[in-house]
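Novice: model the following, please.
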Amino acid sequence: MKTLCVLGSTGSIGTQTLEIAARYPEEFRIEAMTCGRNIELFREQLRTFSPKLAACADEKDALELSREFPDIFFCSGTDGICDIAAGSCCDMTVNSLMGMMGIRPTYAAVRAGYDIAFANKETLVAAGGIIMTAVRQYGGAFLPVDSEHSAIFQCLQAAGPNEPEKLVLTASGGPFRGKSRAELEGVTKEQALKHPNWSMGAKITVDSATMMNKGLEVIEASWLFGMPADDIEVVVHPQSAIHSAVQFRDGSIIAQIGSADMRLPIAYALSYPRRLPNPGRAFSFTGLGSMSFEKPDPDTFRCLALAYRAIEEGGAYPAVMNAANEAAVAAFLKDRVSFLGIADVVDGCMDAFSGRAAETLDDVFEIERETRERAERLISAC
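Specialist: Presented below is the predicted three-dimensional model:
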């Protein structure tokens, strides 16, 4: 039996991880869990899984729950979540935290030598060099949960010793596939949150609509698989059947195909290198009908182009891009900036950045703080 620490258990990836653990009780036991603000759901999860350790973002929530669950040890805040990540003594840490708050717990778990199943994009986007250096130093497995990176990882396992020539990241195109820039002028948050294929959190869904999510994934893939951005291609594939692919030097391509169900890559990461029985619906070629592929439009979806620019600039530019995007998306969801204004804010922050390096996590967070302040000034001026 594999023991799990689930960081961010009330989010989309976290709840599906717990669903898999409940489906296969002979395979997994939840030993530790952390939560942000959804305390009612967290309370239900604590009753169901009875972990030994738990953490809440807010100290008051941790104190309240500790009285209700006296057999569980509670802590709180970022330090508490990092303590859980590093001290749970679990076989695997699942990081499904949202945003920059996922970086320090990831680093803590890596330094503790644990295997990690990660779905927190910011970990590699903002601090890829620092994190991957630690992964190599401390030796734990670093397994992707995002469907695209899981797909590439699976393709590489099938390829054996053959090295890839190119990675192909597929994108659904989001709710605005095929739209012109002019057609996106008056987009509302309600429209942006209607993803055609996936059920995800608000921030990730907006990132899909702007195609920033695919830009973040390009940066992640570059760090995770050691590939330059020029060898990572984004292809729009609206059916979301091919989750990504790898091309080799003889021109052959291995692709990973499956249902649009996040439980599949989550289960693969949890049980790697074994495969569990299908936790979701089976894929059907005849049920799919057909598959189509398109080039993304970088002029309309400028965030994708900005991500490639961040990689080319190097250094801390990806961290700047990520922080500016987080601030801009939050503002969009509060009707403070337009949909197209998200890319304007990111572009403005990248233009204003000094270009200095980030050698430590403290450097990363200081650059993030400065970028958020700059982004707020740009948002206020909109």
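Novice: quick one: buried residues of the least confident helix or strand in the chain by mean pLDDT?
Specialist: When the helices and strands of the chain are scored by mean pLDDT, DSSP states H and E, helix 285-288 comes last with a mean of 86. For helix 285-288, the neighbour count (16 or more other C-beta atoms under 10 Å) marks no residue as buried. To be clear about C-beta, it is placed using only N, CA and C from the backbone, and glycine gets the same treatment.
Novice: which element follows it toward the C-terminus?
Specialist: Going down the chain from helix 285-288, the next helix or strand is helix 302-313, by DSSP states H and E.
Novice: report the buried residues of that next one.
Specialist: For helix 302-313, a neighbour-count test (16+ other C-beta under 10 Å) marks 302, 303, 304, 305, 306, 307, 308, 309, 310, 311 as buried.
Novice: same question for stretch 185-205.
Specialist: Those would be 187, 189, 192, 193, 195, 198, 200, 203, 204, 205, for stretch 185-205 by 16+ other C-beta under 10 Å.
Novice: please, where are all the helices along the stretch 51-200 of the chain?
Specialist: For the stretch 51-200 of the chain, the helices defined by DSSP state H, counting those that start in this stretch cover 59-68, 77-87, 103-111, 121-138, 147-159, 189-192.
Novice: just name the most buried of those.
Specialist: With neighbours taken as mean count of other C-beta atoms under 10 Å, these reach their highest mean count in helix 103-111, at a mean of 24.
Novice: give me the angle between that helix and helix 77-87.
Specialist: With axes from the mean of the first three to the mean of the last three C-alpha atoms, to 10 degrees applied, the angle from helix 103-111 to helix 77-87 works out at 20 degrees.
Novice: ranges for the helices of the stretch 201-350 of the chain?
Specialist: Counting by DSSP H, counting those that start in this stretch, the helices of the stretch 201-350 of the chain are 202-210, 212-225, 263-271, 285-288, 302-313, 317-333, 341-352.
Novice: who does the helix ranked longest in the chain touch, helix- and strand-wise?
Specialist: As assigned by DSSP state H, the longest helix anywhere in the chain is helix 361-380. Counting contacts by 3 or more C-beta pairs under 8 Å, 6 or more residues apart in numbering; DSSP states H and E, helix 361-380 packs against helix 103-111, helix 121-138, helix 317-333, helix 341-352.
Novice: could you save the ones you listed as JSON lines and add columns showing distance to residue 275?
Specialist: As requested, the helices and strands packed on helix 361-380 are exported to JSON lines (distance: least, C-beta to C-beta, whole Å):
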{"stretch": "helix 103-111", "distance to residue 275": "24"}
{"stretch": "helix 121-138", "distance to residue 275": "24"}
{"stretch": "helix 317-333", "distance to residue 275": "33"}
{"stretch": "helix 341-352", "distance to residue 275": "38"}
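Novice: with mean pLDDT and distance to residue 32 as added columns, please give those in TSV.
Specialist: Shown next, in TSV, are those (pLDDT from 0 to 100; distance: least, C-beta to C-beta, whole Å):
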stretch	mean pLDDT	distance to residue 32
helix 103-111	95	11
helix 121-138	94	18
helix 317-333	96	26
helix 341-352	98	35
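Novice: ok, residue 112 touching residue 91?
Specialist: No. Counting by C-beta atoms under 8 Å, residue 112 stays clear of residue 91, with 11.8 Å between them.
Novice: which residues do these two both contact?
Specialist: The contact sets of residue 112 and residue 91 do not overlap (C-beta atoms under 8 Å, 6 or more residues apart in numbering).
Novice: follow-up on the earlier one: the longest helix of the chain versus helix 121-138: what angle between them?
Specialist: Interaxial angle of helix 361-380 relative to helix 121-138 (the same axes, to 10 degrees): 170 degrees.
Novice: list the buried residues for helix 361-380?
Specialist: Applying 16+ other C-beta under 10 Å to helix 361-380 flags 361, 363-365, 367-368, 370-372, 374-375, 378-379 as buried.
Novice: show me what contacts the closest residue to residue 281 other than its chain neighbours?
Specialist: Nearest non-adjacent residue to residue 281, counting by C-beta to C-beta, 6 or more residues apart in numbering: residue 259, 5.3 Å away. When contacts are counted by C-beta under 8 Å, 6+ apart, residue 259 touches 280, 281, 282, 283.
Novice: and residue 100, what's its pLDDT?
Specialist: At residue 100, the model reports a pLDDT of 85.
Novice: my guess is it contacts residue 123. True?
Specialist: No. Contact criterion C-beta under 8 Å: residue 100 and residue 123 do not qualify, at 9.1 Å.
Novice: show me the shaky parts of the stretch 201-350 of the chain.
Specialist: 279 (pLDDT under 70).
Novice: brilliant, that's me finished.
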